[in-house]
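>>> please work out how this folds:
(one chain, ligands or ions: 2)
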Amino acid sequence: MSLVYEEAKKVYAAIGIDTDEAIKKLSEISLSMHCWQGDDVGGFESSGELSGGIQTTGNYPGKARNMEELMADIDVALSLIPGKHRINLHATYADYSDGIVSRDKLEPRHFDKWIAFAKERGLGIDINPTLFSHPLASDGLTLSHPDESVRRFWIDHCKAIRKIGAYIGEKLGTPCLNNIWIPDGYKETPADRTSPRQRLKDALDEILSVKYDPAYLVDSVESKVFGIGVESYTVGSHEFYMNYAAKNNVMCLLDNGHYHPTESVADKIPAMLLFSDKVALHVTRGIRWDSDHVVGYTDEIKEIAKEIVIAGPEKVIIGLDYFDASINRIAAWVMGMRNMQKSLLNALLTPHAALADFQAKGEFTDMFVLSEEVKSYPVSAVWNEFCAISGVEANETWLYKVKEYEKNILTERK
Ligand code: RNT
Ligand code: ZN
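Ligands and ions are numbered 1, 2, ... in the order given. Predicted structure coming up:
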């Protein structure tokens, strides 16, 4: 135990916080690390363009070109991130070594390599059907497409992925989160806002009519306010999914890049949890819009972390979702994951009960002063201790290892 940590321990003890306990709790929170940061949401199915109103910008060298490279890069990232985590996959990261398979025909065996990878490392896996970057999504419509045959393809795809998710959950002994996000929407103000949503509702009903053991598979639906090219209307809006989730016993997934910039996902979490047992998150950093920048140690994320800690971390499934191709992709993973963890630690070191007590008594001066002063308490000393216990670098020196790997491995990829 370092002297600095011992000092910090005393400082926090004075406001009733046990730092050892905070470290223990933090080490029990796992985050789902999105595989798609490693290859700019490319996947292994085709080399076609990314579609669906999302965009990766930048051309930093060294993008993973296949499953082996992506796995190797994930290993490097995880070696620099404290704690035990999960991997979040998209359907298009299937194992196509026996040939490309149509998305509606994907089978559990196409994910056996990922399962073996996860098992060896003690990781969980989450999954997402991929309803973009495909000829049948080129109209910008999938589950809400007016053409029945297009809808059928995507319904069957989602069903195939749920089956795969349940298989993964069973094999790994930890529930796999299947998250449905669709890009569907319109560039111009639609004449009919109802029919597409009716079709989406019917499609979801069919997809979710197949029941799986919740010990293996849990489902969430992810809303969005707009996407590039679908600025006027999105079928899967927040109200649509919030009501759908409540009535159908699935989870809402809140992506903090998917709301109007002044809306706060931190504020939504406790509201949602009065009506559902759990909520799922995609943590990102929007700048002006859903720009999917690397998660920072920002006020927005700290406030989200605070609500997670107050609610109880077991009630919130935390996944990251961003894609930056302008910097080293492994560094992007590591920094985002560590920032989320540091934000959680910051929340674990905040005297919530005392602050809530001030609020209840109407002692707002005390509440304000304590919450402000606590912001400059020595979180970093506790963070460093957590990293030391976990066997990873405490500060920016982790980047040397990424740079070494970049020099030896990434620059060889052309
Ligand atoms: C898009 C959604 C969605 C995707 C990933 C790749 O705006 O956030 O979650 O980012 O599924
Ligand atoms: Zn998302």
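
>>> can the lengthiest helix in the chain be found next to ligand 1?
The longest helix of the chain (DSSP state H) is helix 148-172. No. Judged by CB under 6 Å from any ligand atom, helix 148-172 and ligand 1 are separated, with a smallest distance of 12.0 Å. Glycine gets a C-beta too; all of them are placed from N, C-alpha and C.

>>> in that helix, what counts as buried?
For helix 148-172, a neighbour-count test (16 or more other CB atoms under 10 Å) marks 150-151, 153-172 as buried.

>>> ok, now stretch 171-191?
171-172, 174-186.

>>> same check on stretch 291-301?
The neighbour-count check on stretch 291-301 (16+ other CB under 10 Å) flags Ser291, Asp292, His293, Val294, Val295, Gly296, Tyr297, Glu300, Ile301 as buried.

>>> for those, which one is nearest ligand 2?
The nearest member of those to ligand 2, counting by CB to the ion, is Asp292 at 8.2 Å.

>>> can you name the next helix or strand after the longest helix of the chain?
Note on helix 148-172: by DSSP states H and E, the next helix or strand toward the C-terminus is strand 176-180.

>>> what's that next one in contact with?
Contacts with strand 176-180, where a contact means CB atoms under 8 Å, 6 or more residues apart in numbering, come from 32, 124-129, 131, 158, 161-162, 165-166, 168-169, 204, 207, 216-222, 251, 253, 280, 317, 319.

>>> out of the residues you listed, which sit inside strands?
32, 124-128, 217-222, 251, 253, 280, 317, 319 (DSSP state E).

>>> among those residues, which are in reach of ligand 1?
By CB under 6 Å from any ligand atom, the members of the ones in strands among the contacts of strand 176-180 lying near ligand 1 are Asn128, Glu222.

>>> strands of the stretch 1-150 of the chain, start to end?
Assigned by DSSP state E, counting those that start in this stretch, the strands in the stretch 1-150 of the chain fall at 32-34, 86-90, 124-128.

>>> contacting residues around the nearest residue to Glu170 once chain neighbours are set aside?
The shortest distance from Glu170 to any non-neighbouring residue, by CB to CB, 6 or more residues apart in numbering, is to Tyr216 (4.6 Å). Each residue near Tyr216 by CB under 8 Å, 6+ apart is listed here: Gly165, Ala166, Tyr167, Ile168, Gly169, Glu170, Pro175, Cys176.

>>> check Ile87 too.
Ser32, Met33, Cys35, Ile74, Trp114, Phe117, Ala118, Leu123, Gly124, Ile125, Asp126.
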